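Participant: Need a 3D model of the sequence below.
(one chain, ligands or ions: 1)
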Amino acid sequence: MVKNAYVHIPFCKSKCKYCSFVSYPQLELTKQYLEALQEEIKYFYKNEPLKTLYIGGGTPSVLEVSELADIIENFRFDKAAEITVELNPETLTKDYFKGLKSIGVNRISLGCQTFDDEILKSIGRRHNSEQVKNSVELAFSAGFENINLDFIYGLPSQTIEGFAEDLKTAAYLDVKHISLYGLKIEDGCFFYKNPPEKLPDSDTQADMYLKAIEILTGKGFEHYEVSNFAKPGFESRHNLNYWDNNSYYGFGIAAHGYVDGVRYSNYQDFDTYFKFPHVHFLTHRVTLKEQLEEEIFLGFRECKGINVQKINEKFSIDFEKKYSQILAKYTASNHIQKTPQGYKLSDEGILVSNVILADFL
Ligand code: SF4
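Facilitator: Have a look, this model is predicted:
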């Protein structure tokens, strides 16, 4: 039974220079998009009570509260469901937060990226640091406790010291969750064709990441997933569901889902999505071998690591025998560590996780 759903809102007022996510500045299409989205949800959703709903983007906060309510009202929820909405800080008011609260939203995720105003400007963000701080305060005063801030490290002109200050400020603001992304300049973004100057190199990015672990764990955050830190009890239940390799719906343009053993993705362009909101662009039934690889890949993203007994039972294998050479190699180099339940990546292992995990495939 599917217990989790993601809804994609693919609109942004302008494009950040590092962004290659599926988001468009065509806000005039909002009404038509929301109609197609309703059609898709009504067609695929089987009325299961959800444990988590995540409305992401793009910028969901370009929508009115009533438009978000129309989306949320499609679903039934478990009693303690987690309902998250991603927000951009430049337009938020206390009334908007109160409105979100009144329609059942109980977790918000704010795109901060850095508190350095010069850098924010240079990467094309529309907000400044003051607006982030105000938004956090307004959210608290409207009754939100579960607040995430997103940060990027490795930004042009960013220093380890500057990034460390960002994280200390976030901790001071008393947000309960912090997500970190290392900057990757991918095809499709402005920076890809116009490389910025003063980009920190990969060693500096790695040092920034290790510094973040030191600062945030020192401030009472638990490093529970490669890129995510939470105060106890505030882990993102929606994302934990992905990493536990469970099923989920994905609704909206370019959304991905995993239902009844089939992974699917939706059309990425408006025209096709508007015509065929109830047709998935790609579908793939996941083989048992792929399921095992995903279980390992996703399990190692969590800092508690993989549970060997669970994997052995689920796939009828002897994990330690099957992967004995890889485990021996990386435990000897201390990239993988033994835990009471199985194995996890060390902090150094996380830095080269792509190489390590490729060995399991
Ligand atoms: S980074 Fe976020 S806010 Fe900026 S363009 Fe991309 S989706 Fe929109």
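Participant: from here on, contacts and neighbour counts on C-alpha atoms
Facilitator: OK.
Participant: Strands along the stretch 151-300 of the chain, start to end?
Facilitator: Under the criterion DSSP state E, counting those that start in this stretch, strands of the stretch 151-300 of the chain are mapped to 177-182, 222-225, 228-230, 249-251, 256-259, 262-265, 282-285.
Participant: For the longest one, list every residue counted as buried.
Facilitator: Buried positions in strand 177-182, judged by neighbour count with 16 or more other C-alpha atoms under 10 Å: 177-180, 182.
Participant: Quick one: check the lengthiest strand in the chain for contact with the ligand.
Facilitator: For the chain, the strand with the greatest residue count under DSSP state E is strand 76-87. No: Strand 76-87 stays clear of the ligand (C-alpha under 6 Å from any ligand atom), getting no nearer than 8.7 Å.
Participant: Then stretch 172-179?
Facilitator: No: Stretch 172-179 does not reach the ligand (C-alpha under 6 Å from any ligand atom); its nearest approach is 13.7 Å.
Participant: So what's the gap between that stretch and the chain middle?
Facilitator: Distance, stretch centre to chain centre, for stretch 172-179: 15 Å (C-alpha atoms, centre = their mean, to the nearest Å).
Participant: Outside of it itself, list whatever touches it.
Facilitator: 133, 136, 145-151, 221, 227-231, 234-235 (C-alpha atoms under 8 Å, 6 or more residues apart in numbering).
Participant: How about stretch 93-110?
Facilitator: By C-alpha under 8 Å, 6+ apart, stretch 93-110 touches 65, 69, 72, 82-89, 132, 135, 138-139, 141-150.
Participant: And stretch 282-292, by the same measure?
Facilitator: Stretch 282-292 is touched from outside by 261-266, 311, 315, with contacts defined as C-alpha under 8 Å, 6+ apart.
Participant: again with stretch 329-346
Facilitator: Against stretch 329-346 from outside (C-alpha under 8 Å, 6+ apart): 300, 302-309, 327, 347-350, 353, 356.
Participant: Going by neighbour count, which residues in that stretch are buried?
Facilitator: By 16+ other C-alpha under 10 Å, the buried positions in stretch 329-346 come out as 330-331, 335-337, 342-346.
Participant: Contact residues of this protein facing the ligand?
Facilitator: So far as C-alpha under 6 Å from any ligand atom goes, the chain lies against the ligand at 12, 15-16, 19, 21, 23, 57-59.
Participant: Pull out the buried residues from those.
Facilitator: Neighbour-count burial (16+ other C-alpha under 10 Å) applied to the residues of the chain next to the ligand gives 12, 15-16, 19, 23, 57-59.
Participant: Switch those residues over to TSV; also include secondary structure, distance to C112 and pLDDT.
Facilitator: Below are these laid out as TSV (DSSP: H, G, I helix; E, B strand; the rest coil; distance: C-alpha to C-alpha, whole Å; pLDDT from 0 to 100):
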residue	secondary structure	distance to C112	pLDDT
C12	coil	15	95
K15	coil	15	94
C16	coil	12	96
C19	coil	14	95
S23	coil	18	93
G57	strand	14	93
G58	coil	14	93
T59	coil	13	96
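Participant: could you redo these as JSON lines and give each row distance to R125?
Facilitator: Shown next, in JSON lines, are these (distance: C-alpha to C-alpha, whole Å):
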{"residue": "C12", "distance to R125": "11"}
{"residue": "K15", "distance to R125": "8"}
{"residue": "C16", "distance to R125": "6"}
{"residue": "C19", "distance to R125": "10"}
{"residue": "S23", "distance to R125": "14"}
{"residue": "G57", "distance to R125": "15"}
{"residue": "G58", "distance to R125": "13"}
{"residue": "T59", "distance to R125": "12"}
